[in-house]
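Colleague: fold the following for me, if possible:
(chains A and B)
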Amino acid sequence: MSSVTGVSLADETPGPHGSAPLSGDGAGTGRLGDRLFGGAAKGAGIFVIALVTLVGVFLLWQAIPAIANDKASFLTSREWSVNDSNNLRFGIVELLWTTVTASAIAMLIAVPVGVAVALFITQYAPTWLSRPAASLIDLLAAVPSIVFGIWGLRTFGPVFEPVQNFLRDHLGWIPLFSDANISGGSTILFVGIVLAIMVLPIVTALSREVFAQTPITHREGALALGATKWEMIRISVLPFGKPGVISAAMLGLGRALGETIAVTIILSTLPDGAKWTFSLLNGGETFASRIANNAAEFDTPQKAGAFIAAGLVLFILTFVVNAIARIVIDRRKAFSE
Amino acid sequence: MTTSTTATTSATSSSTTPPASRGGASTDLGHKARGRAFKDQLARVVMWGAFLLALVPLVWILWTVGSKGYHLLLDAQWWGNSQRGITARREGGGAVHAIQGTLIQGLTTALISVPIGILTAIYLVEYGRGRLAKVVSFMVDILTGVPSIVAGLFIYALWVTTFKFQRVGFAVCLALVLLMIPVVVRSTEEMLKLVPNELREASYALGVPKWKTIMRVVLPTAFSGIVTGVLLGLARVMGETAPLLILGPYTKSIANDLFGGLMPTLPTMINQDRTESLQPAVDRMWAAALTLILLVLLLNIAGRVVSRFGSVKK
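Modeller: Got it, this is the predicted structure:
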């Protein structure tokens, strides 16, 4: 108990004469060295807060003039023409659609597989295998995203093409799989699958951590009542780990929404004025890939402003998703002890 | 695919003796028990299958990049020359300019973010109580989730639009600092929490001030874990591409100046060569990708080795 954190037990016990517990820097001596060092540490903490705030404020500040000059509706327009600074017309609805669908496909694949891998590592793997297995999955997270991009486009894409053609030919009557004349291996569906591989280690890592913390009494209790291993997992490990899994999924989602270079390399962009479809076999651009595709042309502030506005929306999206992840995991901490 | 299924079945049959015998003993309970046993077996197969499925892309990627890129890496030229004056049509040249750029930017990033990250972690574990500490911890989580392209855009908005500076290597480092700080904070925090409180209290009892206790007792105890965190953070930022697209255009010559001119890196080199269709450039793309993977894996493995051999002992 006393060695869980740097808090001294004395910090939490009430002071003499029934006064309130010591708060904050209970062990500091108040001498110069302590004040300097404590100040520096506090300063670093405040710096981090300032940094995140600055990111939001700066993006907002640079995006507002561009959005104000936008002749089209920022939230509902599909247009994107920013070359004429007197006639800016841009909207994010198409970017939002592509970003969200690709990430949704990624989550549909990565969460079940990630949870299964985490269960494998914590419950099923023989003892000698469990550590190396975890390290191997972690290695997947170490592969740089640009490598996922070139591998996806050049190696995985051609292999995936027949699957995509099959979906198009046999399920084409469903709007989601209608033909959009995009060559296989560069569609939203395929990007979603590559993103799934990229976020899998994130989902696995956090799920693994919470599954490993399932109290042994819960597990042995279930087994003693005659549950099979799978039933034990279903009634004790999964319910205990649920908030952790939700949190892990959110962190993975945040990563998938913001992934840039792999998406930029794989997804084929659409020409101006292309017809709107709901097809997953279509190309398109996500927030991040639209910014990356045009990064070389950031010359005038107005033009950059449009892209910064897109970046701001992406920042807000990931902020919300990450905040939810954080809140869910915090709530679990409150109940588990 | 066929190999993975056979591996699954053989592994299952060898590791499931106890449940199988349990199922055999309860056959007289009728089909319900058999259904449960079947579900149990099915779950086992699914878990093994998921793990093997997750290994497929890892092996596939490493194999693809390794087999396509290794022959250029065996050439001494690769480690000694730059791409100066070499067109996509021509073979030859090396990656030393890009490797150097990646290392310089990575080290500069580490130099800035490690002190800030460690101090923040010290604040969270040793000093911070109450509201401010909660907000700092929340913000670190948000920073972890900031997409790298947004970090790049932010520095662009600050460095280029506001201060009217050029796009230089140092701007890239600033964007990478944003991505590295949260990694360092989180891993250092975990390590500091593992330091037993008895050590701190023993030090206080000897009259040592708090700051000296942290510097001389707490940090050295947690040192190896902190090094691991720094190495993993470094591995992450060295593989980043998105901020470089905005802030660090590629060039083919060696450049050492962080504050003037363009600075090439391995990710931007890959990004440049991927747009070419001529074979020499494609070969260089795979070779650069392999070099980058090796660099990142080396840092990862180093991090793991340090943590294995120097973890906090209770």
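Colleague: quick one: least confident helix or strand in chain A?
Modeller: The helix or strand of chain A with the poorest confidence is helix A:9-12; it has a mean of 52 (mean pLDDT, DSSP states H and E).
Colleague: which one is the residue in chain B positioned nearest to chain A nearest to, not counting chain neighbours?
Modeller: When distances are taken as C-beta to the nearest C-beta, chain B reaches nearest to chain A at B:Pro147, 2.4 Å away. To be clear about C-beta, it is placed using only N, CA and C from the backbone, and glycine gets the same treatment. Distance criterion C-beta to C-beta, 6 or more residues apart in numbering or on different chains; nearest residue to B:Pro147, sequence neighbours excluded, is A:Gly258 at 2.4 Å.
Colleague: list the contacts of that neighbour.
Modeller: With contacts defined as C-beta atoms under 8 Å, 6 or more residues apart in numbering or on different chains, the neighbours of A:Gly258 are A:288, A:314, A:318, B:145-150.
Colleague: what is the nearest of those to A:Gly221?
Modeller: Of all the contacts of A:Gly258, the one sitting nearest A:Gly221 is B:Gly145; the distance, using C-beta to C-beta, is 36.8 Å.
Colleague: the closest one is in contact with A:Val320, isn't it?
Modeller: No. Counting by C-beta atoms under 8 Å, B:Gly145 sits too far from A:Val320 to count as a contact (9.9 Å).
Colleague: which of those two has more residues huddled nearby?
Modeller: When neighbours are counted by other C-beta atoms under 10 Å in any protein chain shown, B:Gly145 and A:Val320 differ, and B:Gly145 comes out ahead with 24 against 13.
Colleague: return the residues in contact with the more buried one.
Modeller: For B:Gly145, the contacting residues are A:251, A:254-255, A:258, A:318-319, A:321-322, A:325, by C-beta under 8 Å, 6+ apart.
Colleague: what about it, distance to A:Ile327?
Modeller: Counting by C-beta to C-beta, to the nearest Å, the separation of B:Gly145 from A:Ile327 is 13 Å.
Colleague: B:Ile226 now?
Modeller: Distance of B:Ile226 to A:Ile327, computed by C-beta to C-beta: 28 Å.
Colleague: go on, A:Ser186?
Modeller: Distance of A:Ser186 to A:Ile327, given as C-beta to C-beta: 37 Å.
Colleague: likewise B:Leu74?
Modeller: When C-beta to C-beta is applied, the distance between B:Leu74 and A:Ile327 equals 52 Å.
Colleague: higher neighbour count, these two?
Modeller: Of the pair B:Leu74 and A:Ile327, A:Ile327 is the one with more neighbours under other C-beta under 10 Å, namely 14 against 9.
Colleague: host element of the more buried one?
Modeller: In the assignment (DSSP states H and E), A:Ile327 maps to helix A:301-336.
Colleague: picking up where we left off before, flag the least confident of the contacts of A:Gly258.
Modeller: Confidence by pLDDT is poorest for B:Gly145 among the contacts of A:Gly258, given 87.
Colleague: mind listing the helices for chain A?
Modeller: With helices called from DSSP state H, chain A shows them at A:9-12, A:32-69, A:93-119, A:127-142, A:145-151, A:157-171, A:188-212, A:216-224, A:229-232, A:238-258, A:261-266, A:287-293, A:301-336.
Colleague: are the fourth one and chain B in contact anywhere?
Modeller: Translated: helix A:127-142. Yes. Helix A:127-142 lies within reach of chain B by C-beta under 8 Å from any C-beta of the partner chain, at A:133, A:135-140, A:142.
Colleague: give me the contact list for that helix.
Modeller: For helix A:127-142, the external contacting residues (C-beta under 8 Å, 6+ apart) are A:117, A:120-122, A:125, A:197, A:200-202, A:204-205, A:208, B:51, B:54-55, B:57-58, B:235, B:239, B:296-297, B:300, B:304.
Colleague: which residues does residue 222 contact?
Modeller: Going with chain A. So, once contact is read as C-beta under 8 Å, 6+ apart, A:Ala222 ends up touching A:231-232, A:235-236.
Colleague: um, chain B though
Modeller: With contacts taken as C-beta under 8 Å, 6+ apart, B:Ala222 has the following neighbours: B:188, B:191-192, B:194-195, B:312.
Colleague: got a winner among the residues you listed for most neighbours?
Modeller: Among these, B:Thr188 has more neighbours than the rest - 27 neighbours, counting by other C-beta under 10 Å.
Colleague: just want the most central residue of the chain.
Modeller: I went with chain A, as the question did not name one. Closest residue to the average C-alpha location of chain A: A:Gly254 at 2.0 Å, with C-alpha atoms, centre = their mean.
Colleague: my bad, chain B
Modeller: In chain B, the residue lying closest to the centroid (C-alpha atoms, centre = their mean) is B:Arg236, at 3.3 Å.
Colleague: give me the pLDDT for that one.
Modeller: B:Arg236 carries a pLDDT score of 87 in this model.
Colleague: part of a strand, is it?
Modeller: No. Applying DSSP: H, G, I helix; E, B strand; the rest coil, one finds B:Arg236 to be helix, outside a strand.
Colleague: from chain B, how far out is A:Ala262?
Modeller: Distance check for A:Ala262 against chain B: by C-beta to the nearest C-beta, to the nearest Å, it reads 9 Å.
Colleague: which residues are in contact with that residue?
Modeller: Taking C-beta under 8 Å, 6+ apart as the definition of contact, the neighbours of A:Ala262 are A:145-146, A:148-149, A:152, A:191, A:194-195, A:198.
Colleague: now these as a markdown table including distance to A:Asn69, neighbour count and pLDDT?
Modeller: Formatted as a markdown table, the contacts of A:Ala262 follow (distance: C-beta to C-beta, whole Å; neighbours: other C-beta atoms under 10 Å in any protein chain shown; pLDDT from 0 to 100):
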| residue | distance to A:Asn69 | neighbour count | pLDDT |
| --- | --- | --- | --- |
| A:Ser145 | 33 | 23 | 93 |
| A:Ile146 | 34 | 29 | 94 |
| A:Phe148 | 37 | 24 | 95 |
| A:Gly149 | 34 | 27 | 94 |
| A:Gly152 | 37 | 27 | 93 |
| A:Val191 | 32 | 33 | 94 |
| A:Val194 | 36 | 28 | 95 |
| A:Leu195 | 33 | 31 | 96 |
| A:Met198 | 36 | 24 | 94 |
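Colleague: pick the one among the residues you listed closest to chain B.
Modeller: A:Ile146 (4.5 Å).
Colleague: OK, contacts around the closest one?
Modeller: Neighbouring residues of A:Ile146 by C-beta under 8 Å, 6+ apart: A:261-262, A:265, B:239, B:241, B:267, B:270-271, B:289, B:292.
Colleague: in stretch B:114-133, which residues are buried?
Modeller: B:114, B:116-129, B:132-133 (16 or more other C-beta atoms under 10 Å in any protein chain shown).
Colleague: ok, and the closest non-adjacent residue to residue 287?
Modeller: Picked chain A for this. The shortest distance from A:Phe287 to any non-neighbouring residue, by C-beta to C-beta, 6+ apart, is to A:Leu314 (4.1 Å).
Colleague: can you look at chain B instead?
Modeller: In this structure, B:Ala287 finds its nearest non-sequential neighbour in B:Leu72, 3.7 Å apart by C-beta to C-beta, 6+ apart.
Colleague: and for A:Pro271, the neighbour number?
Modeller: 6.
Colleague: which regions of the chain lie under the pLDDT threshold?
Modeller: Using chain A here. A:1-30, A:85, A:184, A:299-302, A:332-337 (pLDDT under 70).
Colleague: oops, wrong one, chain B.
Modeller: If you take pLDDT under 70 as the line, chain B has these spans: B:1-30, B:310-314.
Colleague: run the last query once more with 80
Modeller: Scanning chain B for pLDDT under 80 picks out B:1-32, B:85-92, B:128-129, B:261, B:307-314.
Colleague: domain ranges for it?
Modeller: When chain B is parsed with automatic domain parsing, its domains come out as B:2-69, B:96-309.
Colleague: relative to helix A:127-142, how tilted is the helix or strand B:His71 falls within?
Modeller: Element membership of B:His71, judged by DSSP H and E, is helix B:31-73. Between helix B:31-73 and helix A:127-142, the angle comes out at 50 degrees (axes from the mean of the first three to the mean of the last three C-alpha atoms, to 10 degrees).
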